[in-house]
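Visitor: Provided below for reference: sequence and predicted model.
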Amino acid sequence: MANTGPKRFRLAVLLITTTTLVALVAGYWLSNHPRVKQWRSQQQLTHALNRVEAVQQPLREFIERTSFWPNSALDARLEQSMLQGDDVIDSIRVGNSALLTVTFRADSAVLASQTLIFIPEKTADGAIRWRCDAGTVSASLRPAACRSRNPSVASTPAQAQLPQLPAAVREATNHRTDPLKKRAEQVRRLLHDRVNSDQDMRKKVAKYQRETGELPNSNQQINLPEPHRLADKHFRYIGLQSNGSILYQFSSGIAGMEGHRFQLVPAGLPGVWRCETQLPADHIPELCNKQVL
């Protein structure tokens, strides 16, 4: 009797290999098929709408409570975790007058690195809504809610369960407390200590002004290290500017503060300074209520 074992084994291997190749080719074809790509982009856009809706809720409440349209997440007292990226979204940013910009991840299929911009507006009856008809995402890919400039249409929420707010924000909302109160206290204390510890820097500025009749415009002119070397874990830049002011630019040492600026500006007389910043009032140290000597 002929030995058919090896032949059957080879046939089985060939069948498995062929099936695997067919599956791979089919998977590749399907993943790149226009309809599949469109379906995936719609899923990602729906996810983005849900994420943004979770940000719009506290923004809307903030505007209604204060009558102020915030220009940053810090202005609006937003918990930074609400804006962080995920598997689909690279970032969510709060811009001028509560403008919201969603940027998709570079590896996010059809939507790679594209943006969806939500433009805030107030309707005739006083409601606060966001249109989503701006950004680089193709109009043909946008959900119906984002293809109209009619605010009553554009404000239609996605038909999906909204993500929960971060625990810290949810707890603060339930207890009617400010989720950023601790951060404001930390920033206020940090600026107070830093301004006091930099008294010698201000004395050098005053001395330079007395001797030359001009204000110094760089750290080198008063024999101080470069701005980035003078910085610490909370500030990425501490240095003199062209008008003689001392600029403190925050690092990522405190969540949500990176890039924000605080300045001490010469008030005209040697040794007299004033604070200049766009930080919220509760982030500013009390010493700014008087001239800093």
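Guide: Okay, I see it. Numbering: from 1, shown residues only.

Visitor: so how far is stretch 68-81 off the chain centroid?
Guide: Chain-centre distance of stretch 68-81: 10 Å, with CA atoms, centre = their mean, to the nearest Å.

Visitor: what mean pLDDT does it have?
Guide: Stretch 68-81 shows a mean pLDDT of 81.

Visitor: and stretch 228-246, by the same measure?
Guide: Here the average pLDDT along stretch 228-246 is 91.

Visitor: all helices in the stretch 51-200 of the chain, in order from the N-terminus.
Guide: For the stretch 51-200 of the chain, the helices defined by DSSP state H, counting those that start in this stretch cover 151-154, 167-174, 181-197, 199-212.

Visitor: lowest average pLDDT across these?
Guide: helix 151-154 has the lowest average pLDDT among those, namely a mean of 41.

Visitor: got the domain boundaries for this structure?
Guide: Listed by automatic domain parsing, the domain ranges of the chain are 34-174, 181-289.

Visitor: can I get these in TSV with mean neighbour count?
Guide: From N, CA and C alone the C-beta is placed, and that goes for glycine too. Shown next, in TSV, are the domains of the chain (neighbours: other CB atoms under 10 Å):
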stretch	mean neighbour count
domain 34-174	16
domain 181-289	16
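
Visitor: so in the protein, where's the weakest helix or strand by average pLDDT?
Guide: helix 151-154 (a mean of 41; mean pLDDT, DSSP states H and E).

Visitor: measure the residue most central in space within the chain to residue 54 for me?
Guide: In the chain, the residue lying closest to the centroid (CA atoms, centre = their mean) is residue 93, at 4.1 Å. Per CB to CB, to the nearest Å, residue 93 is found 15 Å from residue 54.

Visitor: residue 190 too?
Guide: 30 Å.

Visitor: how far does the helix or strand harbouring residue 43 sit from the chain's center?
Guide: Assigned by DSSP states H and E, residue 43 belongs to helix 34-66. Put simply, helix 34-66 sits 15 Å off its chain's centre (CA atoms, centre = their mean).

Visitor: now do the contacts for the residue nearest to residue 97 when sequence neighbours are not counted.
Guide: Closest residue in space to residue 97, ignoring its immediate chain neighbours: residue 69 at 4.3 Å, by CB to CB, 6 or more residues apart in numbering. Residue 69 is in contact with 63, 97-98, 120, counting by CB atoms under 8 Å, 6 or more residues apart in numbering.

Visitor: quick one: distance of stretch 200-219 to the chain centre.
Guide: Centroid separation for stretch 200-219 versus its chain: 37 Å, with CA atoms, centre = their mean.

Visitor: contacts for that stretch, please.
Guide: Contacts of stretch 200-219 (CB under 8 Å, 6+ apart): 221-227, 230, 239-244, 246, 264, 266, 270-271, 273, 292.

Visitor: then that stretch to CSV, C-alphas only?
Guide: The C-alpha trace of stretch 200-219 is given here as CSV (Å, rounded to 0.1, in the frame of the first residue of the first chain):
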residue,chain,number,x,y,z
ASP,A,200,18.3,90.3,43.2
MET,A,201,17.5,90.2,39.4
ARG,A,202,15.3,93.3,39.7
LYS,A,203,18.0,95.1,41.7
LYS,A,204,20.4,94.4,38.8
VAL,A,205,17.9,95.8,36.4
ALA,A,206,17.6,99.0,38.5
LYS,A,207,21.4,99.3,38.8
TYR,A,208,21.8,98.9,35.0
GLN,A,209,19.2,101.6,34.4
ARG,A,210,20.8,104.0,36.8
GLU,A,211,24.2,103.5,35.3
THR,A,212,23.2,103.6,31.6
GLY,A,213,19.9,105.5,31.5
GLU,A,214,18.4,102.5,29.7
LEU,A,215,16.7,99.3,30.6
PRO,A,216,18.5,96.0,29.9
ASN,A,217,16.9,93.8,27.2
SER,A,218,18.7,90.5,27.9
ASN,A,219,19.9,88.4,30.8
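
Visitor: wasn't residue 237 part of a helix?
Guide: No - using DSSP: H, G, I helix; E, B strand; the rest coil, the secondary structure at residue 237 is strand, not a helix.

Visitor: partner residues bridging it?
Guide: Beta-bridge pairing of residue 237 under DSSP bridges involves residue 249.

Visitor: so who does it touch?
Guide: By CB under 8 Å, 6+ apart, the contact set of residue 237 is 227-228, 231, 247-249.

Visitor: again, 10 Å this time
Guide: By CB atoms under 10 Å, 6 or more residues apart in numbering, the residues touching residue 237 are 226-228, 230-231, 247-251, 259, 261.
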